[in-house]
Structures are given as C-alpha cells and as structure tokens.
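*Asks:* Let's see this in three dimensions:
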Amino acid sequence: MFNPTEFSAYQWLIVPFIIFGRYVVFCTVSYSVFYAWKRRAWLYRKIQQKFPKRADYLREIGYSALASAIFAVISWLCLGTPLRQYTLFYSDIGQYGWLWLVVSIPLTLFIHDAYFYWIHRLMHLPGLYHHIHLVHHKSVNPSPWAAYAFHPVESLLEAGIIPVLLFSIPLHPVAFWAFITLMLLFNVYGHLGYELFSRKTYDHPVGRWLNSSVHHNMHHEKFHGNYGLYFTIWDRLCGTLRADSMEKVEDVHGRIRTNPAPRTEAPSFQNSI
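*Replies:* Model (predicted):
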C-alpha cells in the first residue's frame, strides 16, 4: 500500500523522481496521442488552431521538474518529519470506516478547488502576476507539459494544499494517493488544448459545473477569468466565469459538427454525462 509515512530517508530522496516520473508518463501519453499520432486527424478538436513551439515544451518541462521537487519537499515535511504526529493521516481503514474513505476522495477535490481558485486569483494581482504567475502564463497556448510549469514560489503555494488537507481532514494513504493522481490527471487534461466534452455536457445539470479544457484554455489565451480547477462553482459564484466561454465552446463544436472525418475516430465524453 502507498504509505509515505513508512518511507525511509532513502525512499524520500527518490520521491521527487516519482512525482516527476508520473508527470512525464501522463504527459507523454497525452502528447503522443494528441500532438503526434492524431495531430492532423483530430485538429478540428484543437481549441487554438496552432501548436506550441519546441522552446515552449522545454520551458514547461523544466519548470515542472522543479515543481515536482518542491511538491516532494512539502510532502516530506508533513509526513516524513515529527510534524507527522499533528496530521490526521491514518493507516487503519477501520479507524474511520470504508464510507469515509470513499467520501474523503471527492471531498479533497472540492477543498482543493476552493483553495486553488483563491490562490489563483491571488496570483493574478499585478505584482504577483508579473513576478510569479507570468511563468505559467507564458504558455498562452498550453500543452499537457504545462501542467506543473510554475514559478518556484507558485509551486510552494500550489503545494500548500497538501498541509491544508493533511491537517484538516482524516486521510488514508489510498485517499491521498487518489487525490494526487486525480490532481495530476485533471491538470494534464486542463492544459491538453483539445476539446473532449460533448456539446450537451455544458447544458447538463451536472456537466455545467465541470471545468473543461476549453474553459482553462481560454484562461491561458485571455489571461483573466475562468480561475477554477475541477469545477466552475467558484467562477459562477464570484462572477469570474468568462462571458465568452460559451462562444468559444460553440466555435469549437461548430468545427466538430462539420468535420468530415468519421465521428467514431474522435475522442469524446459524449456518453459520460
């Protein structure tokens, strides 16, 4: 079982490589499919009809490697030092039961979404934006490799969700592992640059609350609005969901509807919601 509290000093030294390795695997798969293998066949699903340059990929990977090391250090401070005794991290499922284990996973996402939204808005204050967050926004047309491409200070702020969760709610290693995996997957998806949702997802009672690759891509292209990570909850509550988001959705889906290629060849969440 994945239990970082049982790591030896040597094992903690390889944690940065584990975190970066997972990022490389997820991004390589996404990049290989969408930016190499199906680059032309699925171009009609590309949100911005252009591709980043090689220098953009290298910059994104470099900053992501540094971010991985920072995430590992924060994890070690919380779970590999005497601070561990003050967390609510537990290893016996019976202590809180299976129901809590299952519920705690989506709960981490809702907590993280709120944390991310407000940290993200903080990063858009003029001083912080130009000195810190601008590193991430150099990816105006992001690729999957931009998932962890943060300035070191922003990486510290992003990693702040780890102590927030560990010191506020009981987390089993399985729930913790599920959270960090879903976080990475959604970061990669958000920066994918391709539309995967069906058009009807945006009008669905549940789907309308999900953050899409289109929403986050517009944030990178326009620099303001659409600050959420997993959901559009806070953007809707605070009035920061871009008014032109649905215009972009309609534009992309207009291309999808008129594309002459067989619909069965294209990726879609058509039946997921």
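*Asks:* what are the ranges of the strands in the protein?
*Replies:* In the chain, no segments count as strands under DSSP state E.
*Asks:* ok, and the helix or strand in it with the lowest average confidence?
*Replies:* When the helices and strands of the chain are scored by mean pLDDT, DSSP states H and E, helix 9-31 comes last with a mean of 86.
*Asks:* ok, Y31 touching A146?
*Replies:* No: here Y31 does not reach A146: they are 11.1 Å apart, not a contact under CB atoms under 8 Å. In short, each C-beta sits where N, CA and C put it, glycine included.
*Asks:* more crowded one of the two?
*Replies:* A146 (29 against 18; other CB atoms under 10 Å).
*Asks:* Could you pull up the residues touching the more buried one?
*Replies:* E60, S64, H136, S139, H191, H220 (CB atoms under 8 Å, 6 or more residues apart in numbering).
*Asks:* The first one is in contact with S143, isn't it?
*Replies:* When you say that, I think you mean E60. Yes: assessed by CB under 8 Å, E60 is found in contact with S143 at 6.7 Å.
*Asks:* Low-confidence ranges, the stretch 151-273 of the chain, go.
*Replies:* Applying pLDDT under 70 to the stretch 151-273 of the chain picks out residues 260-273.
*Asks:* And the contacts of A146, which two are furthest apart?
*Replies:* S64 and H220 (15.4 Å; CB to CB).
*Asks:* Helices along the stretch 1-150 of the chain, start to end?
*Replies:* Ranges of helices within the stretch 1-150 of the chain are 9-31, 54-79, 97-123, 126-128, 134-137, based on DSSP state H, counting those that start in this stretch.
*Asks:* quick one, which of these is nearest to W177?
*Replies:* Per CB to CB, nearest to W177 of the helices of the stretch 1-150 of the chain: helix 97-123, 9.7 Å.
*Asks:* who does the closest one touch, helix- and strand-wise?
*Replies:* helix 152-159, helix 161-166, helix 173-190, helix 233-238 (3 or more CB pairs under 8 Å, 6 or more residues apart in numbering; DSSP states H and E).
*Asks:* so V164 sits right up against A114, yeah?
*Replies:* No: using CB under 8 Å, V164 makes no contact with A114, being 9.9 Å away.
*Asks:* Just give me the residue right at the centre of this protein.
*Replies:* N187 (1.9 Å; CA atoms, centre = their mean).
*Asks:* Who are the packing partners of the least confident helix or strand of the chain?
*Replies:* Right, helix 9-31 is packed against helix 54-79, helix 173-190 by 3+ CB pairs under 8 Å, 6+ apart.
*Asks:* TSV for the ones you listed, including distance to P106?
*Replies:* Output for these, formatted as TSV (distance: least, CB to CB, whole Å):
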stretch	distance to P106
helix 54-79	21
helix 173-190	9
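*Asks:* that older thread, in CSV: the contacts of A146, plus neighbour count.
*Replies:* Shown next, in CSV, are the contacts of A146 (neighbours: other CB atoms under 10 Å):
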residue, neighbour count
E60, 25
S64, 22
H136, 24
S139, 21
H191, 25
H220, 21
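*Asks:* Compile those residues into JSON lines and extend it with columns for distance to I233.
*Replies:* Formatted as JSON lines, the contacts of A146 follow (distance: CB to CB, whole Å):
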{"residue": "E60", "distance to I233": "28"}
{"residue": "S64", "distance to I233": "27"}
{"residue": "H136", "distance to I233": "22"}
{"residue": "S139", "distance to I233": "25"}
{"residue": "H191", "distance to I233": "20"}
{"residue": "H220", "distance to I233": "20"}
